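Enquirer: next input, structure requested:
(one chain, ligands or ions: 1)
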Amino acid sequence: MNPHRVQLLVSIRNRDEVLPALNGGCDILDLKEPLNGALGMVDEEILHSISDYFFEQPVNVPLSLALGELVEQKEKHITPTIPSEVTYLKMGLSETKQSDHWYSDWLNCRQRIEVTNQATFQWIAVAYADWKQARSIPPEYVLAAAIKSRCAGLLIDTYHKQGQSLLNCMCLEEIQRLVDRAQKYNLKIALAGSITSDHLESLSDISPDIIGIRGAACVGSQRTNQVQKLAVKTFRKELDRQYTFMESG
Ligand SMILES: O=C[C@H](O)COP(=O)(O)O
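Expert: This next block holds a predicted model:
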């Protein structure tokens, strides 16, 4: 057991999943389309229906939005319109391994989005635990770039979602090193990657700020199924059990 409160992020794909995620006990809503990849962006219609939802009734948790991969954003000629309810933005860095200019591309893309939307966002850098398969730069480089470019946080996630979890791709010591370094520089650190309740005991040896789930929050633990309140609640309960100090007796 670890006496550290960890926040729960739940990835949702549409407004029907807002209430099951909130009522199950999530602290951060994360908008993404699982069929579009690890950080798949939802389409504009969904984005605006979520924004309307936030407008119609107050939602007291922050909203994060996945923008897909940097390579995809670079190919797009239209910059996404981001609703003002969004606090955190993140973009994957797959296919950056061979690029000499990924860092400036990343900064330019972030700047273009902020200028177009006339807003500043809190950026979350994404390090893929399976970075070799994702042909991404390694996690420690992503963290160094996140510190240098004043990101709000670092997410360690898996790029491939076919059975490999975070702990299949990285050992606890490697994760711990990234967590320590990120926290030393006041970056929030989030862990994700097919994390299930069964992983929480091992993960409780380290103290991330956030744990993110999609698969474990869905019916039948399938990330393309719908988010279910009971699944979120069950995960939340185990998260609180593993990360909350309780006096004995
Ligand atoms: O940011 C969190 C991810 O959506 C996690 O998804 P996953 O649990 O299906 O790997």
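Enquirer: for the rest of this, base every contact and every neighbour count on C-alpha atoms.
Expert: Fine.
Enquirer: buried set for the lowest-mean-pLDDT helix or strand in the chain?
Expert: Of all helical and strand segments in the chain, the minimum by mean pLDDT, DSSP states H and E falls on helix 70-75, at a mean of 89. The neighbour-count check on helix 70-75 (16 or more other CA atoms under 10 Å) flags 70-71, 73 as buried.
Enquirer: can you check stretch 14-27 too?
Expert: Residues of stretch 14-27 classed as buried: 14-15, 17-18, 20-22, 24-27 (neighbour count, 16+ other CA under 10 Å).
Enquirer: picking that back up, after the least confident helix or strand of the chain, which helix or strand is next? Please name it.
Expert: strand 86-92 (DSSP states H and E).
Enquirer: neighbouring contacts of that next one?
Expert: Contacts with strand 86-92, where a contact means CA atoms under 8 Å, 6 or more residues apart in numbering, come from 39, 62-70, 121-127.
Enquirer: could you check whether it is close to the ligand?
Expert: No: for strand 86-92, no contact with the ligand is found by CA under 6 Å from any ligand atom; the gap never falls below 9.8 Å.
Enquirer: roughly how far is that strand from the heart of the chain?
Expert: 8 Å (CA atoms, centre = their mean, to the nearest Å).
Enquirer: so where is the protein shaky, pLDDT-wise?
Expert: Confidence mapping of the chain against pLDDT under 70 gives the ranges 1-2, 245-249.
Enquirer: again, only this time at 90
Expert: Residue ranges of the chain with pLDDT under 90: 1-5, 55, 57-58, 73-80, 98-99, 162-163, 244-249.
Enquirer: enumerate the residues of it near the ligand.
Expert: Applying CA under 6 Å from any ligand atom, we find that the chain lies next to the ligand at 11, 192-195, 212-216, 223.
Enquirer: ok, 8 Å please
Expert: 9-12, 30, 32, 34, 38-39, 155, 157-158, 161, 165, 191-196, 211-217, 222-223 (CA under 8 Å from any ligand atom).
Enquirer: and the residues you listed, which of them are in strands?
Expert: 9-12, 30, 155, 157, 191, 211-213 (DSSP state E).
Enquirer: show the end-to-end separation of stretch 192-203, please.
Expert: End-to-end span of stretch 192-203 (CA to CA, to the nearest Å): 11 Å.
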